[in-house]
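Trainee: structure of the sequence below:
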Amino acid sequence: MIEKFLARIEDNYYFHMVAICGLLSLLFFLLLDQEKRRSHYILVPFLLVMLVNFYEILATFMVVNKPINEKFHRLLTDEPFLGWNAWVYNIFYYQVSKLGLLLLIGINLKKALSKRIVWVLGIVFLLYCIYSYFSKTYPIHGIQQPILYFLSNTILIIASGLFFMDLITEEYYIEINPLTYLPFWYITIIMFHSVIVFMADVAVEYLTFENTRVYYMFNLVSRVLYVILLGVFTYLMFIGKNFISRTA
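Mentor: Numbering: from 1, shown residues only. Now for the predicted structure:
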């Protein structure tokens, strides 16, 4: 089993980069003092890095361990087991991590109205996530989840837009240099990643059947952006604060 697992990740450089970010983030987080570790500006990014490592390991394990995968499949549905691990990504990537990223953007907003909008977006998305476990049209274990894909990326695009509106209107942000402010960088990456994945998901049927080269390009760009995002989170663990400048 271990040999099969290692064989699956041997040439998976995305997995390797995610694992490196995970190990470094864990090390840097443990070296922080307790006060910084309790800060939601530090804790939420750390938990997101750990979550990504968790579901990437779980997804690979589900591929090599079909009996365990089938047991989880039976908990989700009575339909025949086809060996897919799509449920892992549907639950932990498209649902849990998207809610985590939405929370991260939300805690960086200053305007009360923007925060309320993010709360509403989160509640609506959470309600759909709960509904997806009972849906017969788009069951959570299925490989086609157009509504889930659309909502998960849309809420992050909207929330990112609210952050940039705050950035140009709120006094707190006007008085700082955004280039030295890590939330500016990771929310920018979240927005670009969400837009890329949104476009790929909207045109997925055309791309997968008619233009696979563009599909693979979208996939590569989205993975590169996600690794960069995890790298920014890791750097945040390293410096233990939102500002790159030592004097901030």
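
Trainee: so, low pLDDT: which residues of the chain?
Mentor: 245-248 (pLDDT under 70).

Trainee: tell me the helices in this protein, going along the chain?
Mentor: 2-9, 13-31, 34-38, 40-64, 66-76, 86-88, 98-107, 112-132, 146-169, 171-174, 182-202, 204-210, 212-239 (DSSP state H).

Trainee: which residues sit against the second one?
Mentor: Applying C-beta atoms under 8 Å, 6 or more residues apart in numbering, the contact partners of helix 13-31 are 9, 37, 42, 46, 49-50, 52-53, 56, 60, 223, 227, 230-231, 233-234, 237-238, 240. Bear in mind the C-beta positions are built from the backbone N, C-alpha and C, glycine included.

Trainee: run the last query once more with 6 Å
Mentor: For helix 13-31, the surrounding residues in contact (C-beta atoms under 6 Å, 6 or more residues apart in numbering) are I9, F46, V49, V52, N53, E56, R223, V227, L230, T234, M237, F238.

Trainee: list the contacts for the spatially most central residue of the chain?
Mentor: Compute the mean C-alpha point of the chain, and by C-alpha atoms, centre = their mean the closest residue is S97, 4.3 Å away. Counting by C-beta under 6 Å, 6+ apart, S97 makes contact with L51.

Trainee: let's have the helices of the chain in TSV, adding mean neighbour count and distance to Y138.
Mentor: Formatted as TSV, those follow (neighbours: other C-beta atoms under 10 Å; distance: least, C-beta to C-beta, whole Å):
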stretch	mean neighbour count	distance to Y138
helix 2-9	12	27
helix 13-31	17	26
helix 34-38	11	38
helix 40-64	19	19
helix 66-76	14	13
helix 86-88	20	11
helix 98-107	20	16
helix 112-132	15	7
helix 146-169	18	6
helix 171-174	11	39
helix 182-202	20	13
helix 204-210	13	14
helix 212-239	17	21
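
Trainee: for the nearest residue to S132 once chain neighbours are set aside, which residues are in contact?
Mentor: Leaving aside its sequence neighbours, S132 sits nearest to I140 (C-beta to C-beta, 6 or more residues apart in numbering; 5.0 Å). By C-beta under 6 Å, 6+ apart, the residues touching I140 are L76, W87, N90, S132, Y133.

Trainee: distance-wise, check the fourth one relative to W87.
Mentor: Spelled out, it's S132. Look at S132 and W87: by C-beta to C-beta, to the nearest Å, they are 10 Å apart.
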